[in-house]
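**Q** Following is a predicted model, sequence given first.
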Amino acid sequence: LAVGEGHDQMCATIDMTVPHLPGHLPRYVMGVGKPIDLVESVARGIDMFDCVLPTRSGRHGQAWTWDGPVNVKNARFAEDTSPLDEAVNCKASQDYSRA
């Protein structure tokens, strides 16, 4: 598995390899950073991640929501005082606006 395969191939590869890894040691994947990929990987037994995507996304003004990414640097959000993600009741989603 390398960068470029789709989500389904990633899940299939993890499903096939995790049973062969020692259960008492951490299980690590590299290059997995999209929220859905993180959630699916953890559900399949992965413990650690290393990816530039979350940091790069934040640095470039992209917030991940359940409705997909929101680029808060877009002009249309300049005066949008709504929460980052109205469906989530966490500090970041409720205390910070899209503006």
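**A** Arrived safely.
**Q** ok now do the residue lying closest to residue 65 once chain neighbours are set aside, which residues does it touch?
**A** Using CB to CB, 6 or more residues apart in numbering and skipping the chain neighbours, the partner closest in space to residue 65 is residue 85 (3.9 Å). C-betas here are computed from N, CA, C, even on glycine. Listed by CB atoms under 8 Å, 6 or more residues apart in numbering, the contact set of residue 85 reads 63, 65-67, 70, 93.
**Q** Residue 33: which of those is nearest?
**A** Using CB to CB, residue 63 is the member of these that lies nearest residue 33, at 14.0 Å.
**Q** host element of that closest one?
**A** Secondary structure assignment for residue 63, by DSSP states H and E: strand 62-65.
**Q** for the chain, what are the low-confidence residue spans?
**A** When the per-residue scores of the chain are filtered using pLDDT under 70, the ranges that remain are 1-2.
**Q** Spatially central, which residue of it would that be?
**A** Using CA atoms, centre = their mean, the residue of the chain that lies closest to the mean C-alpha position is residue 35, 2.1 Å off.
**Q** The closest residue to it other than its chain neighbours: neighbouring residues, count only.
**A** Here the nearest residue to residue 35 in space, its sequence neighbours aside, is residue 64; by CB to CB, 6+ apart that works out to 5.0 Å. Residue 64: 19 surrounding residues under other CB atoms under 10 Å.
**Q** Thank you, goodbye.
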